[in-house]
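Asker: sequence below, structure please.
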Amino acid sequence: MRKITNKALMERIINVKAKSLGKIAIPDMESQFIQQDKWQAHVESLTNEGYTILDHKLSAEKIASIVNYSERIKCYDSYRSESEPIDHRNAPKETHVANYRREDLVKFNMILEIANDPGLLKIVQDFLGAKPTISNINMWWSFGGREQAEHAQLFHRDLDDWRFCKLFIYLTDVNEESGPHVYVRKTSKSPLFRKIRRYADSEIENTFGKDNILRFLAPKGTAFIVDTYGFHKGLLPKSNNRLLLQIQYSLHPIGIEKYEPVGVKNSNNYNQYINRLVIREQNG
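Answerer: Numbers count the residues shown, from 1 in each chain. All right, here's what the predicted structure looks like:
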């Protein structure tokens, strides 16, 4: 996949793969994020612009529940140690980001309900062109007051699968001080800068124009889906810490991930194919 430099050829391959997977029937149930008559507009925006902002925010009660749950599990600076947890209230100065573990997140039913929201699945299936796979669930703190950006705080493309997208939900208010998500509109379709590396702001601005660089400044609960093959970054927070939940949907499992589905009660409430990488029925 990384060796294919012709974008048109890549799209033809993707379409063949999607067609071979096929689609599934998604129940026409009420969505907590999507207004029923707007799902097609979201598909078009995601396809053409590379992102779409959803109609409804996650409720304050659900945000509080997820944040409260996060206090009972551990987060880690995975760039520096996979085994030493980080206190997000007093993170070391060298720590930019602290991630929670997928196996802990999927045990909280509210997060699984978000990932399996029928409105989201309908948008994602139409965007992918095939039945979706939940290929990652992540949540992390980004810390303010660090000297310089690093890793995903610099412009880059993701190349996790042939076609994929990610749901982002702000769990804290995000302003200029909080490290907003930054996205360069229409770049998911651009054949420019196909090499997977970090890019300087000047390279992106000079090539795509400042007017196409969007900062997602929004209150907590705001949800948006992004095709992160397009150029993006999480801006380095200036002072405020940011907490964000992310669900990834793709055609296939992600090669670098190690999947060990977690046993949860009533896992059959969710489509087994879509959730096969992250959960299984709990024995006993």
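Asker: for the spatially most central residue of the chain, give me its contacts.
Answerer: Of all residues in the chain, the one closest to the mean position by C-alpha atoms, centre = their mean is Lys166, 3.1 Å from it. Applying C-beta atoms under 8 Å, 6 or more residues apart in numbering, we find Lys166 in contact with Asp158, Ile225, Val226, Thr228, Gln246, Ile247, Gln248, Tyr249. Heads up, the C-betas are built off the backbone N, CA and C, glycines and all.
Asker: ok, the fifth one touching Ser135?
Answerer: Read it as Gln246. No: in this structure, Gln246 is not within contact of Ser135 by C-beta atoms under 8 Å, at 11.3 Å.
Asker: neighbour count: those two, which is higher?
Answerer: Between Gln246 and Ser135, counting by other C-beta atoms under 10 Å, Ser135 is the more crowded of the two (21 against 18).
Asker: what about the stretch 101-250 of the chain, any weak spots by pLDDT?
Answerer: For the stretch 101-250 of the chain, no stretch is flagged by pLDDT under 70.
Asker: please enumerate the helices of it.
Answerer: Listed in chain order, the helices of the stretch 101-250 of the chain (DSSP state H, counting those that start in this stretch) span 102-105, 109-115, 118-128, 201-208.
Asker: make a markdown table out of those and add distance to Glu177 and mean neighbour count.
Answerer: What follows is the helices of the stretch 101-250 of the chain, written out as a markdown table (distance: least, C-beta to C-beta, whole Å; neighbours: other C-beta atoms under 10 Å):
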| stretch | distance to Glu177 | mean neighbour count |
| --- | --- | --- |
| helix 102-105 | 26 | 19 |
| helix 109-115 | 26 | 19 |
| helix 118-128 | 29 | 23 |
| helix 201-208 | 18 | 15 |
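Asker: using JSON lines, lay out these together with distance to Lys57.
Answerer: Formatted as JSON lines, those follow (distance: least, C-beta to C-beta, whole Å):
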{"stretch": "helix 102-105", "distance to Lys57": "20"}
{"stretch": "helix 109-115", "distance to Lys57": "12"}
{"stretch": "helix 118-128", "distance to Lys57": "14"}
{"stretch": "helix 201-208", "distance to Lys57": "29"}
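Asker: and the ones you listed: which comes nearest Ala25?
Answerer: Nearest to Ala25 among the helices of the stretch 101-250 of the chain is helix 118-128 (9.9 Å), distances taken as C-beta to C-beta.
Asker: for that closest one, packing partners?
Answerer: Under the contact criterion of 3 or more C-beta pairs under 8 Å, 6 or more residues apart in numbering; DSSP states H and E, helix 118-128 touches helix 39-48, strand 164-170, strand 223-226, strand 242-250.
Asker: hmm, 10 Å instead?
Answerer: helix 7-21, helix 39-48, strand 133-142, strand 164-170, strand 223-226, strand 242-250, helix 272-275 (3 or more C-beta pairs under 10 Å, 6 or more residues apart in numbering; DSSP states H and E).
Asker: surely Ala91 touches Ala98?
Answerer: Yes: using C-beta atoms under 10 Å, Ala91 is in contact with Ala98, at 6.2 Å.
Asker: overlap in contacts of the two?
Answerer: The overlap between the contact sets of Ala91 and Ala98 (C-beta atoms under 10 Å, 6 or more residues apart in numbering) consists of Cys75, Asp77, Trp141, Phe143, Asn241.
Asker: quick revisit: tabulate the helices and strands packed on helix 118-128 (CSV), appending distance to Asp55.
Answerer: Conversion of these to CSV gives the following (distance: least, C-beta to C-beta, whole Å):
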stretch, distance to Asp55
helix 7-21, 26
helix 39-48, 8
strand 133-142, 21
strand 164-170, 13
strand 223-226, 9
strand 242-250, 17
helix 272-275, 22
